[in-house]
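Trainee: Sequence isn't available, so here's the structure alone:
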């Protein structure tokens, strides 16, 4: 049994915005995709045989969230194996037939703990519809617009009630590209910087599309298979507050799912859409109790002033510490098959936990909190080093 089809692959193009993650990785003939498939098949070979049928169905799903959740479980399973742990998939915890943590883990010293994997998606249903529309628009523009001399960044402001006219937008963009001299823009960036480059605004309904041309250097022009328009940015779905709420909601949803359990409980979390700074995870966990003076200096308050705007954290609110059955969070962002060698994975131990985080996870970088004092950042091993995955493969 395998994760990917045994087929001939010659497609060298990049992934289309509207294309499913699994579908692209399964079809791509790019050398980096070949390496990624080999790594994942190797990991899947070590996944328990009785679980492989169900796992393969989820991993091959056309739904990106289902596929990404399955990949994250496979990543964690392999990571735990490389930490010399024994793993039981979906163990019984006495909370009914549909209540099984993802893993029961035992390290080489006999310490046992449960681990649950979860994705935090920072997109509401409305935003997901908008994002799908934007991805489709970007793919269609890449089919229609010729731009050998520019890479064009597309930023979308506002909300579209319906898909704008792709034909009109492509004509608008092509006309602006053809009226602009790339050599003049290259010289402008040399003398005055990229901030002086033009922006082309297209209005449609309640939304505005901003196109920003970045001139290619002469030796990089007319290269085949380069898309003229980059992935769209939608200013509404990338707010940090949205990220914090999504992370907090994902953790709270899992924190009490299994009731009273007799072992440490670690939630592993991935925010798949975009890379985040560790401070975003700190804010989601501690809310207004964490005061960041700089990246490396974060103070933890003992109490909040009345009327503080954002007291809620996954681990503490005005009533005090909560979800103390959660021993810690193992967190990553933008983790995918393409980034396994480069994305940092960090441990955030819960300072109020009934059962502390398992010692084996202390090999990762940690954010260790002392209540009423500071959060200390401790160095550790990267997940790529533990997995033995070379950067060239991702």
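Mentor: Right, received. Where do you want to start? All values reported here derive from a predicted model rather than from experimental measurement.

Trainee: For the rest of this, base every contact and every neighbour count on C-alpha atoms.
Mentor: OK.

Trainee: Tell me how far residue 54 lies from residue 100.
Mentor: Note on residue 54: its distance to residue 100, by Cα to Cα, to the nearest Å, is 15 Å.

Trainee: Verify the contact between residue 149 and residue 222 for me.
Mentor: Yes. With contact defined as Cα atoms under 8 Å, residue 149 counts as touching residue 222 (7.0 Å).

Trainee: if you count what's nearby, which of residue 54 and residue 100 comes out ahead?
Mentor: residue 100 (19 against 9; other Cα atoms under 10 Å).

Trainee: Next up, the contacts around the more buried one.
Mentor: Counting by Cα atoms under 8 Å, 6 or more residues apart in numbering, residue 100 touches 90-93, 258.

Trainee: dump the residue contacts of residue 89.
Mentor: So residue 89 contacts 48, 51, 101-104 (Cα under 8 Å, 6+ apart).

Trainee: so how far is residue 163 from residue 178?
Mentor: For residue 178 relative to residue 163 (Cα to Cα), the value is 25 Å.

Trainee: now do residue 150
Mentor: 25 Å.

Trainee: Give me the more crowded residue out of those two.
Mentor: residue 150 (24 against 12).

Trainee: what's the distance between that one and residue 134?
Mentor: 20 Å.

Trainee: picking that back up, now list the buried members of the contacts of residue 89.
Mentor: In these, burial by neighbour count holds for 101-104, counting by 16 or more other Cα atoms under 10 Å.

Trainee: closest to residue 58 among these?
Mentor: residue 102 (14.1 Å; Cα to Cα).

Trainee: Pretty sure the closest one sits against residue 90.
Mentor: Yes. If you go by Cα under 8 Å, residue 102 and residue 90 touch, sitting 4.8 Å apart.

Trainee: Mutual contacts of those two, please.
Mentor: What both residue 102 and residue 90 touch, as defined by Cα under 8 Å, 6+ apart, is an empty set.

Trainee: Would you map the helices across the stretch 151-300 of the chain?
Mentor: Listed in chain order, the helices of the stretch 151-300 of the chain (DSSP state H, counting those that start in this stretch) span 166-179, 182-192, 240-255, 278-286.

Trainee: just the ones you listed: most buried one?
Mentor: helix 278-286 (a mean of 22; mean count of other Cα atoms under 10 Å).

Trainee: Quick one: mean pLDDT for it?
Mentor: Averaged across helix 278-286, the pLDDT comes to 87.

Trainee: Measure how that helix sits relative to helix 240-255, angle-wise.
Mentor: With axes from the mean of the first three to the mean of the last three Cα atoms, to 10 degrees applied, the angle from helix 278-286 to helix 240-255 works out at 50 degrees.

Trainee: In three-state terms, how would the closest residue in space to residue 33 that isn't next to it in sequence be classified?
Mentor: Spatially, and ignoring its direct neighbours in sequence, residue 33 is nearest to residue 25 (6.3 Å; Cα to Cα, 6 or more residues apart in numbering). Judged by DSSP: H, G, I helix; E, B strand; the rest coil, the three-state class of residue 25 is helix.

Trainee: for residue 375, helix, strand, or coil?
Mentor: Under three-state DSSP, residue 375 comes out as strand.

Trainee: Distance-wise, check it relative to residue 366.
Mentor: 10 Å.

Trainee: ok, the closest residue to residue 177 other than its chain neighbours - contacts?
Mentor: Setting aside the residues directly before and after it, residue 177 is nearest to residue 147 in space (Cα to Cα, 6+ apart), at 7.0 Å. Residue 147 is in contact with 174, 177, 228, counting by Cα under 8 Å, 6+ apart.

Trainee: Residue 2 now?
Mentor: 41, 44, 56.

Trainee: returning to what we had before: filter the contacts of residue 100 down to the buried ones.
Mentor: In the contacts of residue 100, the ones that pass as buried (16+ other Cα under 10 Å) are 90, 93, 258.
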